[in-house]
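Engineer: All I have is the shape, not the residue letters:
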């Protein structure tokens, strides 16, 4: 039974390493895995974060968030050298716009979460670079 305690201690230490004094998040959402124990909760409180636990027996409760963060990492941050916090926030803000307004989603039958206005069926198609050309948005000319 040493392994779960070791995992919990390592997870708490990772939180301490990732959050220098005064730089912690306001909230930490976590599931009820044994790797998050009392040490982790104390470490979160020490950096000023409020721990919010997911509901019991709901393994997919934060799946949407996890899916979006994975997409943001794979489609955006893995291809960019982030120079500062401000640069990262600006880049992620543009990615969120792209993700919601332009990027097709399989679960929505290749539609976007935010419905764009109806495009005319005629007209030349133009590509608009998004995220410095990392992705493209295709639109019909007006």
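Structural biologist: The structure has been received and is ready for your questions. It should be emphasised that the depicted structure is a prediction, and the values quoted were computed from it without experimental measurement.
Engineer: three-state assignment of the residue most central in space within the chain?
Structural biologist: The centre of the chain sits closest to residue 69, judged by C-alpha atoms, centre = their mean, with a distance of 2.5 Å. Here residue 69 is helix, with the state taken from DSSP: H, G, I helix; E, B strand; the rest coil.
Engineer: who's in contact with it?
Structural biologist: Under the criterion of C-beta atoms under 8 Å, 6 or more residues apart in numbering, the contact list for residue 69 is empty. (Glycine included, C-beta is placed from N, CA and C.)
Engineer: Please enumerate the helices of the chain.
Structural biologist: Using DSSP state H, the helices of the chain run over 2-18, 38-46, 63-75, 85-101.
Engineer: Nearest to residue 25, out of these?
Structural biologist: helix 38-46 (8.7 Å; C-beta to C-beta).
Engineer: by contact count, what packs against the closest one?
Structural biologist: Here helix 38-46 touches helix 2-18, strand 50-53, going by 3 or more C-beta pairs under 8 Å, 6 or more residues apart in numbering; DSSP states H and E.
Engineer: Tell me the buried residues in stretch 40-53?
Structural biologist: 40-41, 43-44, 47, 49 (16 or more other C-beta atoms under 10 Å).
Engineer: Oops, could you answer that again for stretch 123-139 instead?
Structural biologist: Those would be 130-131, 135, for stretch 123-139 by 16+ other C-beta under 10 Å.
Engineer: quick one: low-confidence parts of the chain?
Structural biologist: Judged by pLDDT under 70, the chain has its weakly predicted residues at 1-5, 22, 116-121, 142.
Engineer: Farthest from the middle of this protein: give me that residue.
Structural biologist: Quick read of the chain (C-alpha atoms, centre = their mean): farthest out is residue 122, 36.7 Å.
Engineer: count of neighbours near the closest residue to residue 99 other than its chain neighbours?
Structural biologist: Nearest non-adjacent residue to residue 99, counting by C-beta to C-beta, 6 or more residues apart in numbering: residue 71, 6.9 Å away. Around residue 71 there are 14 other residues, counting by other C-beta atoms under 10 Å.
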